[in-house]
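K.L.:
predicted model, plus sequence, below.
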2 protein chains.
Amino acid sequence: MVSASGAESRKVTINDVARSAGVSRQTVSRALNDKDEIDSDTKQRVLDAARALGYRPSRFARGLVRQDTMTIGLVIPDLLNPYFTEVAASALEAARTHGWHVVVYDTADRAEEELGTLQVISSQVDAVIGYFSCSDSELEAFTRGMPVVLIGREGRSTRFSSIRIDGREGVHAAVAHLVAKGHTRIGMVDHQARAEPSIRHTWFTAAAAAHGIDGGMVVGADQTADGGGAALRELLTAHPEVTAVFTFNDIIAIGALREARRLGRSVPQDLAVIGFDGLQLGALMEPPLTSVALDTRQLGVLAIEQVARLLSDPRTLAVEDLVVHAELRLSGSA
Amino acid sequence: MVSASGAESRKVTINDVARSAGVSRQTVSRALNDKDEIDSDTKQRVLDAARALGYRPSRFARGLVRQDTMTIGLVIPDLLNPYFTEVAASALEAARTHGWHVVVYDTADRAEEELGTLQVISSQVDAVIGYFSCSDSELEAFTRGMPVVLIGREGRSTRFSSIRIDGREGVHAAVAHLVAKGHTRIGMVDHQARAEPSIRHTWFTAAAAAHGIDGGMVVGADQTADGGGAALRELLTAHPEVTAVFTFNDIIAIGALREARRLGRSVPQDLAVIGFDGLQLGALMEPPLTSVALDTRQLGVLAIEQVARLLSDPRTLAVEDLVVHAELRLSGSA
DNA sequence: AGCGGTCCCGTGAACGCTCACGGGAGCGCT
DNA sequence: AGCGCTCCCGTGAGCGTTCACGGGACCGCT
């Protein structure tokens, strides 16, 4: 914690301006906030004095007396992952329509940063939106009495609101599509989970079973393109017969796409690839990425709206079922 | 213990907790801030009371009395553009080492939003970092007496600090590379500037002139992949003889890459493409993007460090020349 | 002269918290 | 008993701003 103001001059307050302009602090306040009940000459004099002194009103004092400033914290694991960026962008925009401020925290996908961020955030924002991997109880401990909206989290606590991402049908459609194309050996590159496999993996195995094919060829990957590439190599080494892969998300898929190219496998002829998320980025790939796409824009908006609801009535909780459906969007890679 | 806080209950303060626990507010403060001079039993009692009441300290009141919370505003034109995301990510990380908070504002690349954001920001943050297209005087009007660090802005005001991006040599090297490869008809896809052509265009024409080739084949594009694609088509229609293009940035270059593919021109054989920025994203393209790369990580760090300097000594200003050099990074596309 | 109204402007209070100080209770020691 | 010390705890003040109120000055009208 570095001391904030190292400057030598102490802060200049409204009283300094008042004294300098020869008026009361209330008159200064009137001038600055553009209210009436003030003579235009004195107003100008006050404004001049304020500028001369370099006066800037304290946001803390102002916030203390008028309760109209809302700041919500947005916690995401990795700003460099376009998926989170898309969500963040839409959340930012939705927040702006409410006149709310958004402070962004990047936890770098590390659990300890998550806790530290939570610690800090709890005393700095009025509500929290984000992706968390920590336990409900840890979350609860830091966000006591604060609206919390979780995204893409499965364990449905009654304490927090959460926006569920439902890709069951989308993944089913993806597998169906692959099967229709003649693929019978379909692998999956899952997220390198902390412990258990992801829900998307569950959807995949279910879909595979429904089509009577083997859903057991799975490897884990970091949520990066490089991670996806390495995982694909691993998968193909273990199971050379694989002709199609479904990946945890688009970033991993993109890495797999590149790795396939390096291995001399052309997509989609030698290897079909289907991602998850439907990032705009996928459309730029060669071939364009087929993906089980979800509406990230809607995600951000939904999160903000839920915060608004929680704020106006804390008992709203998670009674309403917030869900974003992901559906198969066909493109070149499968 | 039901949280009796109905929808319309007023905020619970430290005094409520004190009353509920049968102690003074100071004792409550001691318990919550983990200070000593308090019995462990009373401490626990206070903590329990606080939790029961759903008490959360006011960040305004706390910020008013202890001046240790720094919030800096980061203003970027478009969060969906990976370039700005990379800068934002590094700035976020650098800010964290100072214990500072960063609120992000996306101006959607619109001038009016920029002004509105500036308006709002001026009373909500302690310093501003960002990309602005508005005039110095407008900027000055809103940020009076506040540290401001501009990125990639050319007009060097003495009022603000600014981090200059120097790509002159990098662009020169890019053109030299293309010429060495036998290209003589080199076009450029510039940014659709508000009025005047970009500084990068200036570098390009200078480099072209230095190599005795025509630097006049230029078209403008939106800062999107689609914009880049459309611009390339426009360029090739007007100048079919072009065999290489330099683009304002990587996003545009990526769009051009895709468009070239659609037009049946293979890269780099039929058309060489060189971008600017050196985004990580470029490495995922096919072929990987050659670019005049700059260190976005360093950019964010530099900006934060400059804020720190301005804060400790406001007279620092822009005396020091802050600059990030961009240099040619060869890859597949040229 | 008296009254009502408009136009300015200033004074106390409040917002919720922390800091600096003061002080009582209990203990051991001379 | 008197002194000093430690351990807790509470009281006043103040952070910088806005809100609610009060009031003086001036004008016009009856």
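P.N.:
Arrived safely. Numbers count the residues shown, from 1 in each chain, chains lettered A, B, ... in the order given.

K.L.:
tell me how many other residues surround residue A:291.
P.N.:
Neighbours of residue A:291 under the rule other CB atoms under 10 Å in any protein chain shown: 30. Glycine gets a C-beta too; all of them are placed from N, C-alpha and C.

K.L.:
thought residue A:281 was touching it, still the case?
P.N.:
No: Residue A:291 lies out of contact with residue A:281 (CB atoms under 8 Å); the separation is 10.0 Å.

K.L.:
what's the overlap in contacts for these two?
P.N.:
Shared contacts of residue A:291 and residue A:281, defined by CB atoms under 8 Å, 6 or more residues apart in numbering or on different chains, comprise residue A:250.

K.L.:
excluding its backbone neighbours, what's nearest the spatially most distant residue from the centre of chain A?
P.N.:
In chain A, counting by CA atoms, centre = their mean, residue A:22 sits farthest out from the average C-alpha position, at 50.5 Å. Computed as CB to CB, 6 or more residues apart in numbering or on different chains, the closest residue to residue A:22 that is not its neighbour in sequence is residue A:45, at 7.9 Å.

K.L.:
please identify the helix or strand for the one you found.
P.N.:
Using DSSP states H and E, the element containing residue A:45 is helix A:40-53.

K.L.:
for that helix, which outside residues touch it?
P.N.:
Residues external to helix A:40-53 that are found in contact with it (CB under 8 Å, 6+ apart): A:12, A:16-17, A:20-23, A:27-28, A:30-32, A:55, B:144.

K.L.:
could you say what helices and strands whichever helix or strand comes after that helix packs with?
P.N.:
Once helix A:40-53 ends, the next helix or strand along the chain (criterion: DSSP H and E) is helix A:59-65. The helices and strands touching helix A:59-65, judged by 3 or more CB pairs under 8 Å, 6 or more residues apart in numbering or on different chains; DSSP states H and E, are helix B:59-65.

K.L.:
now check the helix it packs on, is it near DNA strand D?
P.N.:
Yes: interface with DNA strand D: helix B:59-65 contributes B:61, B:64-65 (CB under 7 Å from any atom of the strand).

K.L.:
flag every residue of chain A that's near DNA strand D.
P.N.:
With CB under 7 Å from any atom of the strand as the criterion, chain A meets DNA strand D at residues A:10-11, A:13-15, A:25-26, A:29, A:32-33, A:55-58, A:61-62, A:64-66.

K.L.:
on the three-state scheme, residue A:97 is what?
P.N.:
Taken by DSSP: H, G, I helix; E, B strand; the rest coil, the conformation at residue A:97 corresponds to helix.

K.L.:
quick check: it vs DNA strand C, distance?
P.N.:
Separation of residue A:97 from DNA strand C (CB to the nearest atom of the strand, to the nearest Å): 27 Å.

K.L.:
so what's the residue count around that residue?
P.N.:
By other CB under 10 Å, the residues close to residue A:97 number 11.

K.L.:
ok, it - contacts?
P.N.:
Per CB under 8 Å, 6+ apart, neighbours of residue A:97: none.

K.L.:
one more: residue A:218?
P.N.:
Contacts of residue A:218 were listed using CB under 8 Å, 6+ apart, and they are A:187-190, A:197, A:201.

K.L.:
which of those residues sit farthest apart?
P.N.:
Distance extremes for those: the farthest pair is A:187 and A:197 at 13.7 Å, using CB to CB.

K.L.:
who has more neighbours, those two?
P.N.:
Neighbour tally, residue A:187 and residue A:197, criterion other CB under 10 Å: the higher count belongs to residue A:187, 27 against 16.

K.L.:
all helices for the stretch 51-200 of chain A, in order.
P.N.:
Counting by DSSP state H, counting those that start in this stretch, one finds helices in the stretch 51-200 of chain A at the ranges A:59-65, A:82-98, A:111-121, A:136-142, A:168-180, A:199-210.

K.L.:
dump those helices into TSV; add mean pLDDT as well.
P.N.:
Shown next, in TSV, are the helices of the stretch 51-200 of chain A (pLDDT from 0 to 100):
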stretch	mean pLDDT
helix A:59-65	94
helix A:82-98	94
helix A:111-121	87
helix A:136-142	86
helix A:168-180	96
helix A:199-210	95
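
K.L.:
chain center to the host helix or strand of residue A:300: distance?
P.N.:
Element membership of residue A:300, judged by DSSP H and E, is helix A:296-312. The chain centroid and the centroid of helix A:296-312 are separated by 12 Å, computed with CA atoms, centre = their mean, to the nearest Å.
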